[in-house]
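# Sequence first, predicted coordinates after that:
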Amino acid sequence: MKYALFTGCVAKGAGRELLTATMKALAKLGIEAEEMKDAACCGAGVVQEDSHTMAAVLNARTYALAEERGQDIMNICTTCQGVHRQTQRELDDNPAFKALVNKELDATCGRRYEGKVKIRHFYEVLLQEFGIEKLKEKVVRPLTGVKVAPFYGCYAVRPPAEVSDCSDPDDPDELETLIRALGAEPVSYDERLKCCGFPVLMMNKDNSMKMSANAVAGAQKAGADAMVTPCPLCHLNMDAYQPEFGAVMDEEPHLPVLHFPQLVALALGVPGKELGLDKHIVRMEGTIASM
Amino acid sequence: MTATNVTFKVFRFDPEKDTEGRYQDYTLAVAPGETILNCVNRIKWEQDQTLAHRFSCGSAICGSCAMKINGHATLVCKTQAMDKVKDGVIRIDPIGNLKPLRDLVVDLTPFWKSFEKVEPWLAPDAHSAPEKERLQTPEQFAKIDNSTTCIMCAACFSDCNVLEVDKRYYGPATLAKAHRFIFDSRDARTEARLRKVTEETGVWDCTHCGECSTRCPTETKPLARINEIRQAAMKAGMHDTSGARHVLGFRETVGKRGLLDENYVPIRSVGFFNLAGLLSLAPVGLRMLARGKNPPFIPHSIEKAGEVRAIFAKREELNK
Amino acid sequence: MYSHDVVIVGSGLAGLRAAMELAGHLDVAVVTKVYPSRSHSGAAQGGVAAALGNMDGDTPEAHLYDTVKGSDFLADQDAAEILTSDAIRTIYEMEHFGCPFSRTPENKIAQRAFGGHSYQRACYSADRTGHALLHTLFEQTYRQGGNIQIYSEWYMLRLIVEEGIARGIVAMDIQTGRIEVFRAKTVLFATGGYGRAYKITSNAFANTGDGISAAYRAGIPLMDMEFVQFHPTGLYQHGILLSEAARGEGGYLLNGNGERFMQKYAPSKMELGPRDIVSRSEQTEINEGRGAGPNKDYVYLDLRHLGREKIMERLPQVYHLAKDFIGVDAAEAPVPIQPTAHYSMGGIPADKDCQVLLDEKGNKVTGFYAAGECSCISVHGANRLGTNSLLDALVFGRRAGKSILAATEGASFAPVDEKKELAAARREIDSLLHNGATEDLHAIREELKETMTLKVGVYRNGEQMKEAHGTIKELQARFVNVRVDDRRKNFNTNLLEALELGHMLEYSELIVAGAEVRTESRGAHARDDYPTRDDENWLAHTLAFRKDDGGYELKYKPVTITRFKPVERTY
């Protein structure tokens, strides 16, 4: 099965290293994926504020494109994934809404969403389709001794009925399981399911900074060497703005934040310099930096 | 159908002698079908009368018994205990974002006061009071059917990620209360209400974290209501806030090229003529530039972007 | 000492509606042991009655007759007429205040069928009508701002009545344990019912009837206490209310053999018979071995034929209660139910203007009023019709407000001996904190509640009630040495529960006492040793007076009959 890779806007913009790392990881795993160059932004919950229905049409178009190719969609952004699952569930659960959306989709693009496509995040593909045992077999450079603090991103877990596929959205262990499979040690801390504050960055930067700083502080206190997140928006807020957290944190912040596919690729043996780690504002130190 | 031994780790706090809370363990044989409220009551009645907690109706309508179960707020009278056991343990804390008064009881004053901000009463057109009922279509009633189910249990207030960092924020229940009037066809102050809740600390400060809708024990689901308010504000042309400009930034870039332009949207959000705001974007911009992490200066476009433009144009047309 | 022109105790529909009538005119305080939105009015589900005629040719006269017939002719017909003739105005008023009502296709307030009503009379907001009404009034208190001072989480300890004049109350701030006298020119009790004296009950834990026995302790008789309504559709073993709207929308009642057993008991109204009759029918099926389940101790409410869509639109709360509390999907399976103690017809005797009566001759207490479920005016007689309670609270809450306004404007404060009152309140608390501490509070309460459900329940008889009476006496004696472990001042809910239990033990004896003596079956009071109504001897209201030695004395007063002579009651 070849996946339709939905890159999302960040992986084509301020987080291009995410796309690079994803492609490297997929190649090592032998998972085939083709970038959806004709798919539009998922709306990120923002186009939805302009018009809930229009945003659904926009996303139904994406699903229709994948269905036309007979592919399932793979996301590499928790926000894209959450928004897609939310839209797809609403379309599938509400036939009247689906009919309305398909009518507009047909009128504007001549396409139709049938309801066949499966939509998963990269890490869900690893867990649900590729298989954790197979992943372990592929690990050539176990990240032994590296303490990693997973940061899920809201759209992975809330509201669970709308967006989540985690076995227990209030206390998920999907990322922890994967981190262990890569040989690293997951770090437990209170903020792992909190909001990073990115969505209000432009409306209330103080709040946004405090939220990200709290998460970084929590992970740092728990002794993490790095954070890892499947959401590039969380990554942006916690990495690119980290130099500004000092004002709201007790201690000086210094915690690298990895994209989840970067962590996978490292364990699969891809050299760090090929994964764009040098693009991050907060640089890696120690074990990972030497890889 | 046998009972299972469960350890309840219960938060205890007495302001007269404790500086901070502590946990006390109680073991109960929990029967299948037993609610957590029933368990907490049994702890109080059978093991430790000094435990203080709030509860009343026991049937999920009075809103008294919100507590944090394993770290997340929930209405305990409608929560099955066996569903929440983790490794033989259920942890119970008072709801968050409010000051603990004693054990599981918190000071709700900030919660009740928050509603004052939205003038929570129907303000119909005084000149058109009919003798009988005001007419309302079933469709109009359906618009407030969700937001009027709120029982003010404060579970959303407890777990709201924004309130954690900003006590001035309206809060989800209060915004749902505002929704209940903004979308009530009988209310005559829709525009003023919309203006009020779109100001600073209002709907645009919500970060979409989804905690409120996840914890909400009713059909209120505040996040969905907040999003409906935002859509209404956009439709009403209330575009003079950073939140609205952010949405316009999406409209103007995604609607054109199918992808977000990460250089344009921040500038659009703070406002083209907001010098201080624009300067505040500079440090992060420079940091990213130094790493070659800045978004491409010439924005990408997806293939077949014409279809996306058609979708946006169609909606524009329908909105008119 | 606090001082307010008017002190209202209770923040449900009656209390808040009265407060609104007074706000801006007098200095009014509402003292409530919960927060207003927690009040039990909010738990009412199915509807509020008024002959709007939005669905059919209903009239206030028909509403009046249904109410009187439903009461088994024990209602005072002049009072019932006020209830039914003021109903329409009341609903429009609540709608104007902003209450969200479900709508007809003609955009009017929707109305549904309900037990004992001969027209589609129940105005509703899905199946959370009480919640919609309560929150509407709570919204209005925000509008009133400082005009209504609300003392939330204050527990009323004593009513101060001397020389037939009410002078205020003594109350405790639950959050701090501070005890204060509230001096008032007028006191209104809107403290709710006493259903918590029963084990299987739909009532909130807060419904311990404190106001009723506080009045009794202050020398006021209690009226018709033996009339306790059992609602036919309590969730099995929980007692949680599943709205009568479930039957109003067409739900069936089935016995263990899958038969619609109401055919035998109310062939024309079927499931929409009045509550007393339907509850008895269920109990008969169970008693005669036709119940469902391994112990054959429940029957079924069957909604499956309504279809999921209608259930979710009209009965969402019923659906979720069954799902969340016993895991039954009502769209796919019938829901196990049993009769549950639901409403107190009895209470503090009051006249049509809600002023409290001092005796059977019609003498009144100056400055003391009662409205809502704690009062007995009596509009419901021996059995209340569904949807008449929300109406009662709203109609008589407003009416109380109006009469209080008239009586209080220009009145002055009667003197209060603050020291003496505080000392009396402290004495009661001390007796709970400092005693032999040999008796378990919860055990006493459970035994009381079980006794009431088993022996003073849907069906009663002399022998069982005698046993119950003995048990209550014994529990009262044990209560003297009840153990209260919590010694803190703030949020001492252990002490509160002990105070509440003291009230429950006191008035429960009056429920049994009135029932034992009343050798007939009328409305909710059904005896298998006296199965028929006896108008010759018992067409009368019971009044229980407290004697100085702590005992009681029963007296009777006639029922006011204006338009409808008592006839046999069939459905």
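Cool, the structure landed. These numbers come from a predicted model, not from an experiment.
# gap between residue A:149 and residue B:111?
32 Å (Cβ to Cβ, to the nearest Å). Any C-beta I mention is one placed from the backbone N, CA and C, and that applies to glycine too.
# Looking at those two, which has the bigger crowd around it?
Ranked by neighbour count (other Cβ atoms under 10 Å in any protein chain shown), residue A:149 and residue B:111 place residue A:149 first, with 28 against 23.
# Just the pLDDT for the more buried one.
Looking at residue A:149, its pLDDT is 98.
# Over to the one 3 residues further on?
On the pLDDT scale, residue A:152 is placed at 98.
# three-state assignment of the residue lying closest to it once chain neighbours are set aside?
Excluding its sequence neighbours, the residue lying closest to residue A:152 (Cβ to Cβ, 6 or more residues apart in numbering or on different chains) is residue A:193, at 5.6 Å. When classified by DSSP: H, G, I helix; E, B strand; the rest coil, residue A:193 comes out as coil.
# So residue A:193 sits against residue A:157, correct?
Yes: using Cβ atoms under 8 Å, residue A:193 is in contact with residue A:157, at 5.8 Å.
# Please name the residues that touch the nearest residue to residue B:23 once chain neighbours are set aside.
The shortest distance from residue B:23 to any non-neighbouring residue, by Cβ to Cβ, 6+ apart, is to residue B:9 (4.8 Å). Neighbouring residues of residue B:9 by Cβ atoms under 8 Å, 6 or more residues apart in numbering or on different chains: B:23, B:24, B:25, B:89, B:90, B:91, B:92.
# And the pLDDT at the nearest residue to residue C:225 once chain neighbours are set aside?
Distances taken as Cβ to Cβ, 6+ apart put residue C:346 closest to residue C:225, at 3.9 Å, once the chain neighbours are dropped. Confidence at residue C:346, expressed as pLDDT, is 98.
# could you measure the closest residue to chain A within chain C against residue B:148, distance?
Of all residues in chain C, residue C:309 sits closest to chain A, at 12.1 Å by Cβ to the nearest Cβ. Applying Cβ to Cβ, the value for residue C:309 to residue B:148 is 20 Å.
# Helix, strand or coil: sort out the residue nearest to residue C:27 when sequence neighbours are not counted for me.
Distances taken as Cβ to Cβ, 6+ apart put residue C:5 closest to residue C:27, at 4.4 Å, once the chain neighbours are dropped. Secondary structure assignment for residue C:5 (three-state DSSP): strand.
# Show me the common contact partners of residue A:193 and residue A:157, please.
Residues within reach of residue A:193 and of residue A:157 at once, by Cβ under 8 Å, 6+ apart, are A:170, A:172.
# Which other helices and strands does whichever strand or helix holds residue C:134 contact?
Using DSSP states H and E, residue C:134 falls within helix C:129-144. Secondary-structure packing of helix C:129-144 (3 or more Cβ pairs under 8 Å, 6 or more residues apart in numbering or on different chains; DSSP states H and E): helix C:13-22, helix C:87-97, helix C:388-408.
# average pLDDT across the helix or strand following the longest one?
Right, the one you point to is helix C:388-408. Next along the chain after helix C:388-408, taking DSSP H and E as the criterion, comes helix C:418-433. For helix C:418-433, the mean pLDDT works out to 97.
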